[in-house]
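Visitor: no letters, just coordinates:
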């Protein structure tokens, strides 16, 4: 958000002092991006340094008034005529959170998505109520029209975020299902040779234990924890029933 150009746009309507600029800025944007007075005066000082505004006396209450210069008007026209640069988008906390949650140990990314979606939908409902209140009466001045445009942008932004979260969840589910149905890349273990190791010829050891595999599939899409091996568990060796006699007693 360009506070610098926003203040220039307000000063083009006539001289203003700092607190007045702050109030009008928040009226235009519906206090969506609140400003503090110190931030306003710091920006005015930089604009004055760059020759885009100049002090224009004081009002009856002793407030210092600022006016826009010709250089400031040129800068403002260039700002209005230049598209907002989207080639370097700002950091999005939600996108970074989901990117870091993929494969993170102990993190259920589906729970993260569902929690964020609930919050986003609630915010969209709140913005929709604000829009309905703004449209209860036909907007009569430029500030009301400006606020209506801002709140509609918030609604569309929340709606797009909710749709993106739905897309993320469905994509992760599809990837997990595809990974579960494809043949796994396995690391085979050596045949099972019995609880006490190899004994005698292979015929005396009985059938070898079925080979098991260690899955190398991307199951971490939905959770950071890997699921158990999908291969069937091999049968346990038979347990000899207890007869009450020791095999070494000689009886």
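Guide: Perfect, I can see it now. Because the structure is a prediction, the values reported are computed rather than measured.
Visitor: distance between stretch 99-110 and the chain's centre?
Guide: 13 Å (C-alpha atoms, centre = their mean, to the nearest Å).
Visitor: between the two ends of it, how far is it?
Guide: End-to-end distance of stretch 99-110 (C-alpha to C-alpha, to the nearest Å): 12 Å.
Visitor: what helix or strand is the residue positioned nearest the centre of the chain on?
Guide: Per C-alpha atoms, centre = their mean, the C-alpha nearest to the average position across the chain is that of residue 94, at 1.3 Å. Here residue 94 is covered by helix 93-101, with elements defined by DSSP states H and E.
Visitor: leaving out chain neighbours, which residue sits closest to residue 5?
Guide: In space, and not counting its chain neighbours, residue 5 is closest to residue 79: 4.5 Å by C-beta to C-beta, 6 or more residues apart in numbering. The C-beta positions use only the backbone N, C-alpha and C, and glycine is treated the same way.
Visitor: where does that neighbour sit: helix, strand or coil?
Guide: Recorded secondary structure, residue 79: helix (DSSP: H, G, I helix; E, B strand; the rest coil).
Visitor: same deal with the one 4 residues further on?
Guide: Taken by three-state DSSP, the conformation at residue 83 corresponds to coil.
Visitor: number the chain from 51, please
Guide: All set: I'll call the first residue 51, so the last point we hit is now residue 133.
Visitor: counting neighbours, what do you get for residue 108?
Guide: When neighbours are counted by other C-beta atoms under 10 Å, residue 108 registers 11.
Visitor: what do you get for residue 73?
Guide: Neighbours around residue 73, by other C-beta under 10 Å: 15.
Visitor: ok, the nearest residue to residue 52 once chain neighbours are set aside - contacts?
Guide: Counting by C-beta to C-beta, 6+ apart, residue 129 is the residue found nearest to residue 52 once chain neighbours are left out, at 7.1 Å. Residues in contact with residue 129 (C-beta atoms under 8 Å, 6 or more residues apart in numbering) are 52, 55, 58.
Visitor: what is the end-to-end distance of stretch 186-195?
Guide: Using C-alpha to C-alpha, the two ends of stretch 186-195 sit 13 Å apart.
Visitor: buried set for it?
Guide: Buried residues in stretch 186-195, counting neighbours by 16 or more other C-beta atoms under 10 Å, are found at residue 194.
Visitor: quick one, strands of the chain?
Guide: Assigned by DSSP state E, the strands in the chain fall at 103-108, 114-118.
Visitor: tell me the mean pLDDT over the longest one?
Guide: Averaged over strand 103-108, pLDDT sits at 91.
Visitor: tell me the confidence at the nearest residue to residue 64 once chain neighbours are set aside?
Guide: Closest residue in space to residue 64, ignoring its immediate chain neighbours: residue 117 at 7.9 Å, by C-beta to C-beta, 6+ apart. On the pLDDT scale, residue 117 is placed at 95.
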